[in-house]
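J.: coords below, sequence missing:
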């Protein structure tokens, strides 16, 4: 069986073939979900990642693909992330996935990596295949989905129904303003106390430069990036949440991090930034209908907040990892 390495970035024809595999796999594994948009697939394949180097492979007859992110941030040069390993449903159990994994593993060992992780749906064919290779569940989580509500009627409350006394809510599309980037990067550091399970990936310190690089990557890949932050009177970021539309014309978006800095917890800021985000999402993207997010099972406070806001659990998932 021929597994070929793709040039990085791959050609447009290779992008289309890659997307066809993902669309077929998603139709079988997640009925009712449309395949990824071309802008999303092309962006991920043709724009270099911010934290590392991509390696891509495809089965010679177009029956499967694999993509690996090799971290180069200094703290995680010992590990990697398997971004995708997908096989067309009509070609499964014929050795395609095993052949792709052999090439992935060969690259990992050649680069001196001692482990690799992946995010997989629980109970699906991906988990079964990963476990057969020795992967273990190191962080149980779940996918949650919320329908974007219609724009609310004016409440008469200064700042809207999501306002919290003593804080101002601000919304930034695209890159965060330079004057707030350092404070927002510092707030990202509060994610260090979020559940991370038994993963080998280490937390990397956030800086204004790293923050802008992450935001710019989404934009360069054709997506949209929206940040809502709660600021103190001194301009300090006390809480924030982020929304990413990989396909600006699509109906689904991803909510990235939602963080409240420890000194400001217990005041309703997590709820406030999420509510403002929903209002801004509908205002700025009228075609948006759903917001998806993942939450670790042990993150009880965030699960409770999401449930109160209308998120429903859609399916289980987990971070799986294998040590080589």
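T.: In hand now; what should we look at? Since we're looking at a predicted model, the values are computed, not measured.
J.: Please name the bridge partners of residue 252.
T.: With DSSP bridges as the criterion, residue 252 is bridged to residue 290.
J.: Residue 289 is in contact with that one, correct?
T.: Yes: in this structure, residue 252 is within contact of residue 289 by Cβ atoms under 8 Å, at 7.2 Å. Where you see a C-beta, it was placed from the backbone N, CA and C, and this is true even at glycine.
J.: Of the two, which one has the most company?
T.: Under the criterion of other Cβ atoms under 10 Å, the comparison of residue 252 against residue 289 puts residue 252 first, with 17 against 13.
J.: pLDDT score for that one?
T.: According to the prediction, residue 252 has pLDDT 96.
J.: give me every residue that touches it.
T.: Applying Cβ atoms under 8 Å, 6 or more residues apart in numbering to residue 252 gives the contacts 288-292.
J.: Could you rerun that using 10 Å?
T.: By Cβ atoms under 10 Å, 6 or more residues apart in numbering, the residues touching residue 252 are 33-34, 37, 145, 148, 245-246, 288-292.
J.: and the residues you listed, which of them are in strands?
T.: 145, 245, 290-292 (DSSP state E).
J.: Tell me which two in these are the farthest apart.
T.: Within these, two members stand farthest from each other by Cβ to Cβ: 145 and 245, at 15.0 Å.
J.: what about these two, which has more around it?
T.: A count of neighbours by other Cβ under 10 Å puts residue 245 above the other of residue 145 and residue 245, at 24 against 16.
J.: my guess is that one contacts residue 256, does it?
T.: No: assessed by Cβ atoms under 10 Å, residue 245 is found out of contact with residue 256, at 11.2 Å.
J.: list residues touching both of these two?
T.: In contact with both residue 245 and residue 256: 218, 225-226, using Cβ under 10 Å, 6+ apart.
J.: Tell me the one among the ones in strands among the contacts of residue 252 nearest to residue 232.
T.: Taking Cβ to Cβ as the measure, residue 232 lies nearest residue 291 of those, at 26.6 Å.
J.: Can you give me the buried ones in stretch 98-118?
T.: Across stretch 98-118, burial judged by 16 or more other Cβ atoms under 10 Å covers 99-101, 103-105, 107-108, 113, 115-118.
J.: Kindly indicate which of these lies nearest residue 302.
T.: Closest approach to residue 302 among the buried residues of stretch 98-118 (Cβ to Cβ): residue 117, at 20.9 Å.
J.: now that closest one, what's its secondary structure?
T.: Classification of residue 117 using DSSP: H, G, I helix; E, B strand; the rest coil returns strand.
J.: Perfect, I'm done here.
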